[in-house]
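Peer 1: Take this sequence and fold it.
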Amino acid sequence: MNLLFSPTPYLLALFSIALFGCSDAPQEKMLRQAVAIESADECHLCGMIISNFPGPKGESYQSTGEHISKFCSTRDLFAFLLQPENVTQAREVFVHDMSQSPWHKPNDEYFIDARTAWYVVGSNQKGAMGMTLASFAKQDDATSFSNKFGGEVYAFDDITIELIMN
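Peer 2: Next comes the predicted model:
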């Protein structure tokens, strides 16, 4: 037997690549990015002009295509995402990080992954059609906002349709 070359480590490496490389596990990296909200863009849910309103906005790509849906508020975003036919369809979802952006005119350079964001529900800050969810990249920023403007802090997975409709 040739001690300089043993096929066992190479076969083990190839087997590992085949086993894990072909996995159906969801990809962690977002495939698509948020896009700028243009002055004529309409809310996917209510049809209002998005840029006419203060507060954080949202965007979502569905698994069925490359079109991005834009929302005039995080409340409309969640109202859409939580509909039974949409719950499993959303792929990439974005919201503004309001610790980096002015409330009255959110900056589209500060879109973040909505699934890792923290939300303040029930603050006295208004968005499109009233109540909205203030969105933040860091829980500490959400807590500071809550202390100043009221409301409770929630993670993405804790937001329910009942919570946003109250």
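Peer 1: and for the strand ranked longest in the chain, what are the contacting residues?
Peer 2: Longest strand in the chain by number of residues (criterion: DSSP state E): strand 118-127. For strand 118-127, contacts defined as Cβ atoms under 8 Å, 6 or more residues apart in numbering pick out 53-56, 72-75, 103, 131-139, 141-142, 145-146, 149-156, 159, 163-164. All C-beta spots, glycine's among them, are computed from the backbone N, C-alpha and C.
Peer 1: rerun at 6 Å
Peer 2: 55, 73, 133-136, 139, 142, 145-146, 149-154, 163 (Cβ atoms under 6 Å, 6 or more residues apart in numbering).
Peer 1: Go through those and flag which are in strands.
Peer 2: 133-136, 152-154.
Peer 1: can you map out the helices along this protein?
Peer 2: Per DSSP state H, the chain carries helices over the ranges 7-21, 74-81, 139-149, 161-165.
Peer 1: what sits against residue 78?
Peer 2: Contacts of residue 78 (Cβ under 6 Å, 6+ apart): 159, 164.
Peer 1: Return the distance of it relative to residue 69.
Peer 2: 13 Å (Cβ to Cβ, to the nearest Å).
Peer 1: Now tell me what touches stretch 93-102 from outside.
Peer 2: The contact list for stretch 93-102 (Cβ under 6 Å, 6+ apart) reads 34, 56-60, 74, 106-107, 110-112, 114, 117, 134-137, 141.
Peer 1: Just the buried residues of these.
Peer 2: 34, 56-60, 74, 106, 110-112, 114, 117, 134-137, 141 (16 or more other Cβ atoms under 10 Å).
Peer 1: what's the burial count for residue 99?
Peer 2: 18 (other Cβ atoms under 10 Å).
Peer 1: Next, it: phi, psi?
Peer 2: phi -80, psi -10 (degrees, to the nearest 10).
Peer 1: hey, C-alpha coordinates of stretch 62-80 in PDB?
Peer 2: This file holds the C-alpha atoms of stretch 62-80, laid out as PDB (Å, rounded to 0.1, in the frame of the first residue of the first chain):
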ATOM      1  CA  GLN A  62     -42.300  36.700  -3.300                       C
ATOM      2  CA  SER A  63     -41.000  33.200  -4.200                       C
ATOM      3  CA  THR A  64     -43.100  33.400  -7.400                       C
ATOM      4  CA  GLY A  65     -41.100  36.000  -9.200                       C
ATOM      5  CA  GLU A  66     -38.600  38.800  -9.400                       C
ATOM      6  CA  HIS A  67     -41.000  41.700  -8.800                       C
ATOM      7  CA  ILE A  68     -40.600  43.600  -5.600                       C
ATOM      8  CA  SER A  69     -43.700  44.700  -3.700                       C
ATOM      9  CA  LYS A  70     -43.400  48.000  -1.900                       C
ATOM     10  CA  PHE A  71     -45.500  49.200   1.100                       C
ATOM     11  CA  CYS A  72     -46.300  52.600   2.500                       C
ATOM     12  CA  SER A  73     -45.900  51.400   6.000                       C
ATOM     13  CA  THR A  74     -44.600  48.400   8.000                       C
ATOM     14  CA  ARG A  75     -48.200  47.900   9.100                       C
ATOM     15  CA  ASP A  76     -49.300  47.300   5.500                       C
ATOM     16  CA  LEU A  77     -46.200  45.100   4.900                       C
ATOM     17  CA  PHE A  78     -47.200  42.800   7.800                       C
ATOM     18  CA  ALA A  79     -50.900  42.900   6.800                       C
ATOM     19  CA  PHE A  80     -49.800  41.500   3.500                       C
END
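Peer 1: Good, wrapping up.
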